[in-house]
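A.B. asks: Can you look at this prediction? I've put the sequence above it.
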Amino acid sequence: QCMDATVTVWLDKGVTVRNGAGYADITIGSGFFIDNRGYLITNHHVIDAMVNPKYEGYSRIYVKLLEDPDTKIPAKVVGYDPILDLALLKVEIEPKYVLNLGSSSQLQIGHRVSAIGTPIGLQGTVTSGIVASTERKLLTLGNVFQIDAAVNSGNSGGPLIDEKLNVQAIVFAGILTHQGLNFAIPVEYLRQELPQLYNGDEVQHAWIASYGHTYRQGNKKAGLEIQYVLPGGSAAMSGFTAGDVITEVDGVAVSSIEDFQFLLMAYEAETLLTCKYTDSQGQSKSKLIDLDKRPEDPGVLVYNTDFASNAFVPLFGMKLIASSTTNKNSYTIEEIIKGSSADQMSFSERDSVEIHDIKLDKQNKYILATIYTRRQKKGFLDISMVLSTSFDDPYYF
């Protein structure tokens, strides 16, 4: 029954011409029915050509049932979310079976799971394995599962079910060159934003225009520490500053950045929420905050809005202070964000940094900064290097 509730998603993009010959341009993915009206879930990247305004070619989307693999049933895209890589489709049939959505918050490392889908076109394939990790940051919002069930091209969008036959995640990626490194999106994220997917069009996420990490007291997660506030953003307008630790939103406790991002998935921009926090002096306070619409590329907004000395905190993980009155591009590192790219590249406090150039690589969506530096851990040798960071990052919220 679970296999019969799973379909092949068939995206026809017409004909591609290579070396004077025409070839069918087909993208194959998987999906699964979630209600009797013909609604089904798949990945956004499977149906991207149907909704991407930059795509100007031909595209038509169909699904194929396991019991009748030769018939292509026309489908339409109802709602989609590029950030969480989810999409809701609709076909005008009543499915034979639908799958139940579980609660992946109870899924732990070592639990057995099975993936159903159409790897490399082989419809109705079931592979099994275990959950290898529950905290992998492959998306810019929240964590995803790492699984060791075999996944190949075509599995994307298919269900990951537990031993009770409930959907616990949606398969979305595998690393082809490394067997056993496969990933799935927790079903909790789908459940949280299903109402928005049913409403239609692209899901718009909210944020408070900030950057930070989970605050820990010893080994215990104790909140979300704000390490950067975008000028003019909702957090700045509410009076939040770097060093504040958010502990509760709208009456729900927040112990990590993932908690905060998950809660915001249920709200639209321009929603007013009560936010409890502890300031840098250790005092408990409360503020109202008006949610902003999350931009497509937060890093670019930071780069275009703030001074380089401040923008380097979310972009590269280093807080800079001016070190020269004659050279406006000369700085000293005041603080290194733990776990950031600056930390991983062995920068230290009091290292000197001179910014020579900053460029936006729009094709690959990277910000590139050419700097001249002297680092303590490298014997104060003069070196020129290029720092890079993505337009988006899992630590914007």
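C.D. replies: Done, it's in. Numbers count the residues shown, from 1 in each chain.
A.B. asks: In stretch 362-370, which residues are buried?
C.D. replies: Ile367, Ala369 (16 or more other Cβ atoms under 10 Å). For every residue, glycine as well, the C-beta is placed using N, CA and C.
A.B. asks: Go ahead and measure how far it is from the middle of the chain.
C.D. replies: Counting by Cα atoms, centre = their mean, to the nearest Å, stretch 362-370 is centred 19 Å from the centre of its parent chain.
A.B. asks: do the same with stretch 102-119
C.D. replies: Worked out by Cα atoms, centre = their mean, stretch 102-119 lies 19 Å from the chain centre.
A.B. asks: residues contacting Tyr189?
C.D. replies: Leu84, Leu86, Leu141, Gly142, Phe262, Met265 (Cβ atoms under 8 Å, 6 or more residues apart in numbering).
A.B. asks: Ok, Pro186 next?
C.D. replies: By Cβ under 8 Å, 6+ apart, the neighbours of Pro186 are Ser104, Ser105, Leu107, Thr134, Gly142, Asn143, Val144, Phe145, Gln168, Ala169.
A.B. asks: and the last one, how many residues sit next to it?
C.D. replies: Using other Cβ atoms under 10 Å, the number of residues around Ala169 comes to 28.
A.B. asks: now the fifth one
C.D. replies: Neighbour count for Gly142, taken as other Cβ under 10 Å: 22.
A.B. asks: Now do the same for it: helix, strand or coil?
C.D. replies: What DSSP: H, G, I helix; E, B strand; the rest coil gives for Gly142 is coil.
A.B. asks: Just to check, it is in contact with Phe260?
C.D. replies: No - shown here, Gly142 and Phe260 do not form a contact pair, counting by Cβ atoms under 8 Å, at 10.0 Å.
A.B. asks: so where do the strands sit in the stretch 251-397 of the chain?
C.D. replies: Assigned by DSSP state E, counting those that start in this stretch, the strands in the stretch 251-397 of the chain fall at 252-253, 272-278, 284-290, 292-293, 318-322, 330-336, 352-361, 366-374, 382-390.
A.B. asks: Could I get the pLDDT score of Tyr23?
C.D. replies: Note for Tyr23: predicted pLDDT of 86.
A.B. asks: Locate it within the secondary structure: which element?
C.D. replies: Per DSSP states H and E: Tyr23 is located in strand 21-33.
A.B. asks: Please compute how far the helix or strand that that strand is followed by lies from its chain's middle.
C.D. replies: Heading C-terminal from strand 21-33, the first helix or strand you meet, by DSSP H and E, is strand 39-42. Put simply, strand 39-42 sits 19 Å off its chain's centre (Cα atoms, centre = their mean).
A.B. asks: helices and strands around whichever helix or strand comes after strand 39-42, which ones?
C.D. replies: With elements assigned by DSSP H and E, the helix or strand that comes after strand 39-42 is helix 48-51. Helices and strands touching helix 48-51, by 3 or more Cβ pairs under 8 Å, 6 or more residues apart in numbering; DSSP states H and E, are strand 6-18, strand 68-81.
A.B. asks: Out of those, which one sits most buried?
C.D. replies: strand 6-18 (a mean of 18; mean count of other Cβ atoms under 10 Å).
A.B. asks: Could you dump the helices and strands packed on helix 48-51 into JSON lines with distance to Asn327 added?
C.D. replies: Below are these laid out as JSON lines (distance: least, Cβ to Cβ, whole Å):
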{"stretch": "strand 6-18", "distance to Asn327": "53"}
{"stretch": "strand 68-81", "distance to Asn327": "45"}
